[in-house]
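Engineer: missing the sequence, but the structure's below:
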């Protein structure tokens, strides 16, 4: 090994040692495909929940008995339920409730210890 190659290795080690632990942790996380895919799916769900009012094609609570139990189509992406409500709109607005229920234990300020 030449002296320049040896000094390059030492310089690389010094640069890695100078890198903050947080950056090294994020690099390691981003190498894991499962974490990246899970984070992308969570971000997609979060965006759909936040933008539910914009993305929904119908009012989720509006009853339309004339169009009950319709199959998926251009007017209703996921069809309608037994009351004629648009299932796609129900799913989008339901994502808000699901995320709120999932986040509520995380935001609780009560401690379990006495």
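Structural biologist: Cool, got the structure. These numbers come from a predicted model, not from an experiment.

Engineer: helix or strand right after the helix-or-strand element of the chain with minimal mean pLDDT?
Structural biologist: None of the helices or strands of the chain scores lower by mean pLDDT, DSSP states H and E than helix 3-18, at a mean of 62. Per DSSP states H and E, the first helix or strand lying C-terminal to helix 3-18 is helix 21-31.

Engineer: I'd like the average pLDDT over that next one.
Structural biologist: Averaged over helix 21-31, pLDDT sits at 90.

Engineer: Now the most centrally placed residue in the chain: which helix or strand?
Structural biologist: Among the residues of the chain, the one closest to the centroid is residue 42, at 1.4 Å (C-alpha atoms, centre = their mean). Element membership for residue 42 (DSSP H and E) is helix 33-50.

Engineer: Next, the angle from that helix to helix 21-31.
Structural biologist: Interaxial angle of helix 33-50 relative to helix 21-31 (axes from the mean of the first three to the mean of the last three C-alpha atoms, to 10 degrees): 90 degrees.

Engineer: Show me what counts as buried in helix 33-50.
Structural biologist: 48-49 (16 or more other C-beta atoms under 10 Å). For every residue, glycine as well, the C-beta is placed using N, CA and C.

Engineer: So what's the gap between that helix and the chain middle?
Structural biologist: 3 Å (C-alpha atoms, centre = their mean, to the nearest Å).

Engineer: by contact count, what packs against that helix?
Structural biologist: Helices and strands touching helix 33-50, as assessed by 3 or more C-beta pairs under 8 Å, 6 or more residues apart in numbering; DSSP states H and E, comprise helix 87-103.
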